[in-house]
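Colleague: Sharing a model that was predicted from the sequence below.
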Amino acid sequence: MSLELAVRSGLVSGLLMAFPASAATTVFPVATTEQLVEAIQRANESPEADVITLERALYVLDGVDARDQGAALPAITTPIVIRGNGAELRRYASENFRIFSVAAEGHLRLERITLAEGSLGAIRNFGKTELRHVQLVDNTANGTQAIVENHGEMSLESCEVSFNTIAGAQRDAGTIVNWGQLTLSATTFEGNLLSRRYPGVALASSVLNYGHSTITDVVIAENTAGDEPGTGAPQAPLVNLGNGRLDLRLVRERGNLPGATLVAGFPVD
């Protein structure tokens, strides 16, 4: 079926309700990393919301496209849905890079996809990013403070954030660091490991929050944030600093180290 026929047949009728209304939507089916890069570039050329559909396969990332953002893929600058269908994007390179960067004017939705082995973390968001049934696994943060950085609006629903590592952090760090609006629901943090170089560095094995985070029906299990409890800056699954606000509902935790408290820092709602 051609792209034109695919669009006419209504395959994109389920496009995000939250996305801006548009006169036309294009579907880009891709099967290789090169096709994925090209599809994002083409989608960025028009303001309409576009859909990229991936075959269920391994997509090897071995270089940087958005060099100013240190990202393997082109920065997202328009509304784009990427439907992974169980695909995996994995870094195989000596060069350090993250996987996605979303510009202030960008709106990205990722569905049913795995992001793995980014070495500057996995995602940096300045716009709007939505993750649905996404796995963020085996990523590291070399010289950065987070696996996921959110400066805009971000939501994770039914996601897994597991086995990521931040080693020898030189400044306050978290698996997710939020400066904007963050919403987490039905999501699991498991097996994430953070260590620090200096005792004055705060560590959060799930969320380090400076903005507004709403966390509902979340499991935080078997994560490690730092060294011995009670030494230096806060170390906990959740750390709230500055003018941050945390709204927590149905948060379950087990086996985290240090294990003295779920939340460190300022009071939460």
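Modeller: Everything's here; your move.
Colleague: residues in contact with the top helix by length along the chain?
Modeller: The longest helix of the chain (DSSP state H) is helix 33-43. By CB atoms under 8 Å, 6 or more residues apart in numbering, the residues outside helix 33-43 that reach it are 26, 28, 30, 50, 52, 54, 59-62, 65, 73-74, 76, 78, 80. In short, each C-beta sits where N, CA and C put it, glycine included.
Colleague: Please save the CA atoms from it in PDB.
Modeller: In PDB, the C-alpha atoms belonging to helix 33-43 read as follows (Å, rounded to 0.1, in the frame of the first residue of the first chain):
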ATOM      1  CA  THR A  33      18.200   3.500  11.100                       C
ATOM      2  CA  GLU A  34      19.000   5.600   8.000                       C
ATOM      3  CA  GLN A  35      15.300   5.600   7.100                       C
ATOM      4  CA  LEU A  36      14.400   6.700  10.600                       C
ATOM      5  CA  VAL A  37      16.800   9.700  10.400                       C
ATOM      6  CA  GLU A  38      15.400  10.700   7.100                       C
ATOM      7  CA  ALA A  39      11.800  10.300   8.300                       C
ATOM      8  CA  ILE A  40      12.400  12.600  11.200                       C
ATOM      9  CA  GLN A  41      14.100  15.200   8.900                       C
ATOM     10  CA  ARG A  42      11.200  15.100   6.500                       C
ATOM     11  CA  ALA A  43       8.600  15.300   9.400                       C
END
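Colleague: Return the set of buried residues in that helix.
Modeller: Residues of helix 33-43 classed as buried by neighbour count (16 or more other CB atoms under 10 Å): T33, Q35, L36, V37, A39, I40, A43.
Colleague: Tell me the helix or strand right after it.
Modeller: For helix 33-43, the following helix or strand on the C-terminal side (DSSP states H and E) is strand 50-54.
Colleague: Quickly run through the sheet partners of that following strand, with directions.
Modeller: Strand pairing for strand 50-54, using DSSP bridges, gives strand 27-30 (parallel), strand 79-91 (parallel).
Colleague: ranges for the helices of this structure?
Modeller: In the chain, the helices defined using DSSP H lie at 3-8, 33-43.
Colleague: From A141, how far out is I52?
Modeller: The spacing between I52 and A141, counted by CB to CB, to the nearest Å, is 26 Å.
Colleague: Only C-alpha atoms, please: export stretch 173-189 in PDB.
Modeller: Only the C-alpha atoms of stretch 173-189 are listed here, as PDB (Å, rounded to 0.1, in the frame of the first residue of the first chain):
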ATOM      1  CA  ALA A 173      21.800  14.000  39.700                       C
ATOM      2  CA  GLY A 174      18.800  11.800  39.200                       C
ATOM      3  CA  THR A 175      17.600   9.100  36.900                       C
ATOM      4  CA  ILE A 176      15.100  11.700  35.800                       C
ATOM      5  CA  VAL A 177      15.800  15.400  36.600                       C
ATOM      6  CA  ASN A 178      12.800  17.600  36.200                       C
ATOM      7  CA  TRP A 179      12.800  21.400  35.900                       C
ATOM      8  CA  GLY A 180       9.400  21.700  34.300                       C
ATOM      9  CA  GLN A 181       6.100  19.700  34.400                       C
ATOM     10  CA  LEU A 182       6.500  15.900  34.900                       C
ATOM     11  CA  THR A 183       3.700  13.300  35.100                       C
ATOM     12  CA  LEU A 184       4.500   9.700  35.900                       C
ATOM     13  CA  SER A 185       1.800   7.000  36.000                       C
ATOM     14  CA  ALA A 186       1.800   3.200  36.100                       C
ATOM     15  CA  THR A 187       5.600   3.200  35.700                       C
ATOM     16  CA  THR A 188       8.500   1.200  37.300                       C
ATOM     17  CA  PHE A 189      12.000   2.300  38.300                       C
END
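Colleague: Appreciated, that's everything.
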